Each structure stands twice: as structure tokens, then as C-alpha cells.
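Engineer: Build the 3D model from these lines:
(3 chains)
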Amino acid sequence: MAYRKARIKIPGIVLLTDFGTRDPFVGVLKGVLLRTGAPVPCVDLTHEVPPQDIRTAAFHLMTSYAFFPLGTLFIAIVDPGVGTPRHILYAETSKYRFLAPDNGLLSWALARETKVRVRRVENAGLGLKPVSATFHGRDIFAPAAGALTKGLSPAKLGPEAKSWEKIPFPSVWNAGEKIEGEVLVIDHFGNLITNLQPKDLDPEETWVFSVGNSGPMPWQPAYGSVAPGQPMAVSGSAGYIELSLRNGSAADQWNVQTSAKVLAQKKRTP
Amino acid sequence: MAYRKARIKIPGIVLLTDFGTRDPFVGVLKGVLLRTGAPVPCVDLTHEVPPQDIRTAAFHLMTSYAFFPLGTLFIAIVDPGVGTPRHILYAETSKYRFLAPDNGLLSWALARETKVRVRRVENAGLGLKPVSATFHGRDIFAPAAGALTKGLSPAKLGPEAKSWEKIPFPSVWNAGEKIEGEVLVIDHFGNLITNLQPKDLDPEETWVFSVGNSGPMPWQPAYGSVAPGQPMAVSGSAGYIELSLRNGSAADQWNVQTSAKVLAQKKRTP
Amino acid sequence: MAYRKARIKIPGIVLLTDFGTRDPFVGVLKGVLLRTGAPVPCVDLTHEVPPQDIRTAAFHLMTSYAFFPLGTLFIAIVDPGVGTPRHILYAETSKYRFLAPDNGLLSWALARETKVRVRRVENAGLGLKPVSATFHGRDIFAPAAGALTKGLSPAKLGPEAKSWEKIPFPSVWNAGEKIEGEVLVIDHFGNLITNLQPKDLDPEETWVFSVGNSGPMPWQPAYGSVAPGQPMAVSGSAGYIELSLRNGSAADQWNVQTSAKVLAQKKRTP
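Structural biologist: Numbering: from 1, shown residues only, chains lettered A, B, ... in the order given. Predicted coordinates:
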């Protein structure tokens, strides 16, 4: 089912930013949305993407958007280029809608979607005046989202974009006996979310994982499958393998940062 | 008044978790709720329960739930056993509704309620498919809450539970002249919330409090009753005595952790 | 347009506090609001004002309120005097409504407004019973806001206040060649928001800025106008000049605290 065919109005707005929560940035953006009269629920995905970290935002968006109602509009802003001539994109797919700066943030989510159409948001008449050089979330994104929610035709936003910025998804190096990936994101619990997927691993074999000097970690069905303080790999809820420590932080235990190399190896049966 | 007698529908959902706010966990859970079409407000109690800290979650739930509208559904998830065969509980009392893992999280709130009925959530037909091993908030709790909000009979969730996990409330040792308790929770301001209640203390006497090497702290009516930087004990808003420092952090000042021993002593009048 | 003339009901409630987000304080306040049956959206401006920091709250309120719908009610609570005989204020202007302790928090926002009328909230019949000594957000502010939202006449809150606490806005010392201000707030990105405004600076001249031992920083149109890691001053979205580091934290780089002295100097053309 596609919301476009069913002419579904925007059922809700989801925010994903690196704005943090200690300043009024997110609240003010919502104030501008409310001023447009947009009568839809507004959900915070997170505002704690590390500052300027487009890759983490792209990962969170890719692994989250499909859990929201069909037709939802995502406002995703990690925007180190704000105030420079970088573009702002509006993308529609067969299922969802997105507003984001043209810096690659949308690339992994859009790669999972079909019937992707992208426009540049260039209609200056929609935004607040004057537009600041540092806060387009308030001055351009929120007014555009509000107008779309109230029924503005996307064609009024600006021209179709023939191309837009894409960032490559970190690749997995598969040498049969040994598969090498990396840590994409470290979550609140200290779990290390990798770019390895269960389907990368031959299910007939027994695999052990490692990162840095962690030593071998067995693949387990759940966090609670090992004793407290013991390490393991699990199939994470985002579809990727996570390296974890039961009731502890794997990131702290092995002092791991994002991009750290991760290994999966076939266990030798002697 | 009981919502059950009045057949009150769920007026709102309240979330209490240790998910943190830097990952998309909470937002995705709300996305699944929205997908069910549950048209009710959703309030975050907090998502910063320390990871795996069931006791802190139990305390926050116990001291907060009664301020919400009758019939509110609380989704409380601190769930180190996710993915193992631990049960998920749905509890109804004469006033409120609760969903939580069966690990003691509900015990202090339910102990304050009457007409408690508890079920195990076992209806696999309600959840997302496939159910992950690490994120039942998204895959089971949110779909169940959405279904209840739309009118599902609780009997459809699963069988009645005859027993469930309970954790003891930390006890106070009362020796007349001297009462010993402990620090239950340290709040954002560094106030030390204890398990001592005003009713534990003879109001005819003058009491002084101490924790670690703090020296004696007088019982005062308000934070502002002493000079800046001075310590005091006050009757906290959750019904328990707090040890505080005016305009400062008592936790930092005396380097206190939760579970630290707290003393209340009668002041000798010479 | 004034909401009072148009008899606009309260279209939404905005919360600004130093409560933090790790305790249930904010959630419980919202629970009490929901119990009053107030059917309006509730937006969090921020709850991470540094504890007891009235000046930061006053700045955030001043720079944010005007982006919300006409008639919005702001509940602003940074309240080190809670439980002492300090007053609680309700202020109405030609455009907005405010509830706050009488400690100066409202002064900078009200100074931008016209037709300011202020009352003391003294109607004990409105609040929860008993009123705690430490959490008037829950026990007084939320019930009063709920009652106002449901149509209570402000006159029922309490008597008009003839005077109320004001705090001075930090002054700029302008010596022509050299202008001296200070850091008001440090944002999540480490940007240093100063009390200097673009209008303080002669646009015919070239200005350079400095703070502590930062060395001279050029005035640039956007964060992205300099190379990564390079410093700059920009016109910030709150209407004040910010000192920033592209893709980095200016606060960390020069170890700056709020109130640090900031200089703008005319650049000499040799």
C-alpha cells in the first residue's frame, strides 16, 4: 500500500536532529510548527545525534522510519552547512516523506524505498523572515513542514532534484573464514552496533566475534543468555549484530569508538 | 472512584524506561503506538533510569503514578531479561493500568493499590513480527498498549498470573533515639532521596540527619530556609526525606552513591 | 493583533525549567495538567537550564517565546526559593501568558512586551493538597495552568502585583574602537552566545572578536564560511553574536565559562 495512491495526509511529524535538549532549539522549532496550525502529533526520534555526525543520523533514520505510520513526515537535521549554499531536500517515496539538508543524511533511508522523488526546497515565500544563517530548522524546515501538513502541494516547494548527495554505507569485507566490519553506532547502554548482519554469516557454522582486544565473544540469542559481566554478540533490533556486555557497557569495557574494526571468525572445531 | 466501574477508556499512556534519549528507541516505540491508531496523549515520565536499575524505576513509578488521570496506562520497561523466558505483566488496579516485565518493577506501585489483577502478556498475535530478542518495548509492549487503548479486552492478552516477582522496599531500622535508613535515589539537583518518611520521626523531638561524613543536618521547611551552600533535610515531594544542599549538590559535596546509609538522630538538649 | 482583544483561548502550554529529565518531575507536572482536563498541546522548551540559573532561563524565554502561537501560556520554573514566602506570578501581555516564580525570570521577556499585567497566584483553592515545600510545579503551577486553560478568569488567581523582581540585562560597554560584552549562554554545540548584537557594530567597519586567549575571530556569514576547526563570529539565531568553531566546540577550545568577557575591536587597515 502506498500513501500517495490512497492520498493519505501527513499523519505525524518525526524529528531527528543533533540540536541537543539543553537549548530551546527543538522547542522553538515545534513552536513554529504549532503556529502554522499543523494539527498532527510530533514525535522526537532523538536530538542527541553527535554534533555534525551525518552518518549516525543516517543510520538512525534508516533503521527507524518504517515503524511509523504510512505517510509520516520526517524532519532530519544534522546540518553543518547551514547558511552556506547547500540545498534542502524534500523527498517522497511510496511510503514516507522526508525533509533534510542535502548532505547524505537521507541516502540510506531512501535506498530502502521505492518511487523516490526529490525536490529542492527553494520557495522563500514559505519561510520565516528574516531567515537566520544558523537555524534553518526554525526558519525553513518547520514552516515547510507545516505548509505540507496543511496540504501544500510538494511542487510548490521547489524544483525536482536530478541528483543529491549520497554517502556510502560502510562495507563488510567477507573472506569466508573471517568477516570484517566496523562499529557504526554505540548506543546508550554501551552496546556496539556493527554493520554486520545475521545474513552475512553462514548459519551452519559457529561464529565468534571480537573488537579491539576484547577476546572472542560468542553469538547468543539474548543479553540474558550469558552471566552478568560476560560479553556476547546478539542480533540487534535494528537488524545488525551488536557486541554487548550483560548488564554493562561494552564500549567502556574495551574503550571502543565508532568506526572501530569488528571481526567475525568461524570457530575451529579441533 | 474506580475507572473500571465507570468503564473509563485509557486516557493516556505514560512511558518509564532506561532506554536513554540518544538512540531512537523511545521514538520508535511511539511510532508503533501511533501505527496502532491509539489516539491518546503519551507522556514521558523519564527514560534515564540508570541501565538495568529496577529499584529506581520502581521508586519513580510508585511516587508518580497517582498524579495521572484515572485509568492511565503505564508502560514501564527496565528489562535486563529481555529475550529470555521472563514474563511480561499487565496489571489492572481499581485506578490504573500497567505493563512491565515481571522483575519486581511493579511491586512498590501495586502495593499501594487495591483490587490488583495481573495477567501475563502471551498473545503472540498482538506483537510485531518477527519479535526481536532485544527490543520488546517496540515489538510487544507498544502493540499491546495500542490494542488495549483501542478497546482490546485484557483477557485477550494472556492468562491471569497467580504470582509475580516482588522486590522488598528497603527497610528502616528504628531504634528510638536513632533511625537508620538509606539513600534510594539521587535526583538531578544532587538531592539525596531517602527511605525515611516524616511519619517515622517523633514530631515532639528535634532531629538531625547525616550521611557519610556530612556532619549533622537540621530538618528545615524548605531548600531556601538555610543560607546558600548550607546543608539541610527537607520533606521531599515524593513523601520521603531528602538530604540537600542549598543551591548545590549534596551528592557531589559528600560523594554519596545510592544505598548509602542515612542516620536520623534525636538532638540532645543539654 | 492581540489575543486578548480576540479572546483567544490558550492554544498550548510551553514548559521551561531546571528540573532535568532523569527524574519524573516533568512527567508528573504533565500528569497533573492532564488531570485538569486541559486539552492543549504541551511543548518542552528545555528542562536543562543549569540548576538555579535564573539568568539562563530568562534568556531562553526572551529569545523563544515569540515563535509560539499567540496566547500561548509559558510555565517557566527555576525556583531556588520554592517553599519560602516568595511569590508566584501570572503575567499577561498583549500577546502571551506566563507563570513563573517572582525572581526575575520573566523580566527580559516582559521587557519586550506591551500591555503587561501581572498578578500574584495566591488562590490556595486551585492547588493540590497538601502543597509540598519543594515541588510547586506539580502542586501550584500545573493546577493553575490547567484551570486557566479551562477558562478560569485570571482575576481568580490572586491580586494584581504592583511590582515584581527584575534582573538587569548584562550591559555592553561601547568605547567606539572597542566594544566589550560577555558570554551569556553556552549552547549544546559549544557556541558562545554573547550579549553583543549586530546593531552594536558599525557596519562600515571590519570587526574582529575575541574571548580569553582565543586570538582574533573574523565575523562570518555562516558556520560553514571558514575551514573546519577554524574560529568565527556569526549572527546567531537568537539575535546575538555567537563565537564559534566550525564543526567543534568553542567553549572547549578556549575553556570558556558563561560571564567570560568578550571583545569586539575594529580592525586596523594599515
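Engineer: Look up which helix or strand A:L29 falls in, please.
Structural biologist: According to DSSP states H and E, A:L29 maps onto helix A:25-35.
Engineer: pull the CA atoms of that helix into CSV?
Structural biologist: Extracted C-alpha coordinates of helix A:25-35, given in CSV (Å, rounded to 0.1, in the frame of the first residue of the first chain):
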residue,chain,number,x,y,z
PHE,A,25,16.1,24.8,19.6
VAL,A,26,13.8,21.9,19.5
GLY,A,27,11.0,23.6,21.4
VAL,A,28,11.2,26.7,19.2
LEU,A,29,11.0,24.5,16.0
LYS,A,30,7.9,23.0,17.5
GLY,A,31,6.5,26.4,18.3
VAL,A,32,6.8,27.4,14.6
LEU,A,33,5.1,24.2,13.6
LEU,A,34,2.2,24.9,16.0
ARG,A,35,2.0,28.4,14.6
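Engineer: chain center to that helix, what's the gap?
Structural biologist: Counting by Cα atoms, centre = their mean, to the nearest Å, helix A:25-35 is centred 22 Å from the centre of its parent chain.
Engineer: same deal with stretch A:138-148?
Structural biologist: With Cα atoms, centre = their mean, you get 21 Å for stretch A:138-148.
Engineer: ok, and what's touching it?
Structural biologist: The contact list for stretch A:138-148 (Cβ atoms under 8 Å, 6 or more residues apart in numbering or on different chains) reads A:10, A:13, A:25, A:28-30, A:32-33, A:35-38, A:73, A:75, A:77, A:88, A:90, A:97, A:99, A:121, A:123, A:126-128, A:131-132, A:154, A:156-157, C:67, C:237. Placement of C-beta: from N, CA and C, glycine included.
Engineer: Mark which of those residues are part of helices, please.
Structural biologist: A:F25, A:V28, A:L29, A:K30, A:V32, A:L33, A:R35 (DSSP state H).
Engineer: any residue of stretch A:186-199 up close to chain C?
Structural biologist: No. On the criterion Cβ under 8 Å from any Cβ of the partner chain, stretch A:186-199 is out of touch with chain C, staying 12.4 Å away.
Engineer: Can you measure across that stretch, start residue to end residue?
Structural biologist: 21 Å (Cα to Cα, to the nearest Å).
Engineer: Tell me the buried residues in that stretch?
Structural biologist: Buried residues in stretch A:186-199, counted by 16 or more other Cβ atoms under 10 Å in any protein chain shown: A:I186, A:D187, A:H188, A:F189, A:G190, A:N191, A:L192, A:I193, A:T194, A:N195, A:L196.
Engineer: Please apply the same query to stretch A:146-163.
Structural biologist: For stretch A:146-163, using 16+ other Cβ under 10 Å, the buried residues are A:G146, A:A147, A:L148, A:T149, A:L152, A:P154, A:L157, A:G158, A:A161.
Engineer: Partner strands of the strand or helix carrying A:E182 and their direction?
Structural biologist: Here A:E182 sits within strand A:178-186, counting by DSSP H and E. Paired with strand A:178-186 in the same sheet, following DSSP bridges, are strand A:173-174 (antiparallel), strand A:192-194 (antiparallel), strand A:261-266 (antiparallel).
Engineer: Relative to the whole chain's centre, how far out is that strand?
Structural biologist: Using Cα atoms, centre = their mean, the offset of strand A:178-186 from its chain centre is 17 Å.
Engineer: contacting residues around A:G104?
Structural biologist: A:I54, A:A58, A:E165, A:K166, A:I167.
Engineer: contacting residues for the closest residue to it other than its chain neighbours?
Structural biologist: Residue nearest to A:G104 in three dimensions, not counting chain neighbours: A:I167, with 3.5 Å by Cβ to Cβ, 6 or more residues apart in numbering or on different chains. Residues counted as contacts of A:I167 (Cβ under 8 Å, 6+ apart) are A:I54, A:R55, A:A58, A:G104, A:S107, A:W108.
Engineer: Work out for me the element A:I167 sits within.
Structural biologist: A:I167 belongs to no helix or strand, assigned by DSSP H and E.
Engineer: Phi first, then psi, for it.
Structural biologist: Taking degrees, to the nearest 10, you get phi -110, psi 140 for the backbone angles of A:I167.
Engineer: quick one, helices of the stretch 101-250 of chain A?
Structural biologist: A:107-111, A:136, A:142-149, A:250-253 (DSSP state H, counting those that start in this stretch).
Engineer: All the strands of the stretch 51-200 of chain A, residue numbers only.
Structural biologist: A:73-77, A:88-92, A:97-101, A:117-120, A:173-174, A:178-186, A:192-194 (DSSP state E, counting those that start in this stretch).
Engineer: Next, format those strands as a markdown table and append distance to A:T63 and mean pLDDT.
Structural biologist: Below are those laid out as a markdown table (distance: least, Cβ to Cβ, whole Å; pLDDT from 0 to 100):
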| stretch | distance to A:T63 | mean pLDDT |
| --- | --- | --- |
| strand A:73-77 | 13 | 98 |
| strand A:88-92 | 17 | 98 |
| strand A:97-101 | 15 | 98 |
| strand A:117-120 | 21 | 98 |
| strand A:173-174 | 22 | 94 |
| strand A:178-186 | 9 | 97 |
| strand A:192-194 | 9 | 98 |
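Engineer: any idea which of the ones you listed is most buried?
Structural biologist: strand A:192-194 (a mean of 27; mean count of other Cβ atoms under 10 Å in any protein chain shown).
Engineer: what's the neighbour count on the closest residue in space to A:K115 that isn't next to it in sequence?
Structural biologist: With Cβ to Cβ, 6+ apart as the criterion, A:K115 has its nearest non-adjacent residue at 4.2 Å, and that residue is A:S94. Burial of A:S94 is recorded as 15 neighbouring residues (other Cβ atoms under 10 Å in any protein chain shown).
Engineer: isn't A:S94 right up against A:E113?
Structural biologist: Yes. Look at A:S94 against A:E113 with Cβ atoms under 8 Å: they come within range, at 6.7 Å.
Engineer: So for the residue nearest to A:G104, what's the pLDDT?
Structural biologist: Looking at A:I167, its pLDDT stands at 97.
Engineer: Residue numbers of the stretch 51-200 of chain A in contact with chain C?
Structural biologist: Checking the stretch 51-200 of chain A against chain C by Cβ under 8 Å from any Cβ, the hits are A:51-52, A:80-84, A:86, A:132-135, A:138-139.
Engineer: which of the residues you listed tops the neighbour count?
Structural biologist: That'd be A:R138 among those, by other Cβ under 10 Å, with 25 neighbours.
Engineer: can you redo the buried residues of stretch A:146-163 as a markdown table with pLDDT?
Structural biologist: Compiled in a markdown table, the buried residues of stretch A:146-163 are given as follows (pLDDT from 0 to 100):
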| residue | pLDDT |
| --- | --- |
| A:G146 | 96 |
| A:A147 | 96 |
| A:L148 | 96 |
| A:T149 | 95 |
| A:L152 | 94 |
| A:P154 | 96 |
| A:L157 | 97 |
| A:G158 | 97 |
| A:A161 | 97 |
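Engineer: nearest to B:A250, of these?
Structural biologist: A:G146 (45.0 Å; Cβ to Cβ).
Engineer: quick one: the residue of the stretch 51-200 of chain A found nearest chain C from C:V234, how far?
Structural biologist: Using Cβ to the nearest Cβ, the single residue of the stretch 51-200 of chain A nearest to chain C is A:G83, 2.7 Å away. Per Cβ to Cβ, to the nearest Å, A:G83 is found 8 Å from C:V234.
Engineer: Common neighbours of those two, please.
Structural biologist: A:A133, A:T134, C:P221, C:A222, C:Y223.
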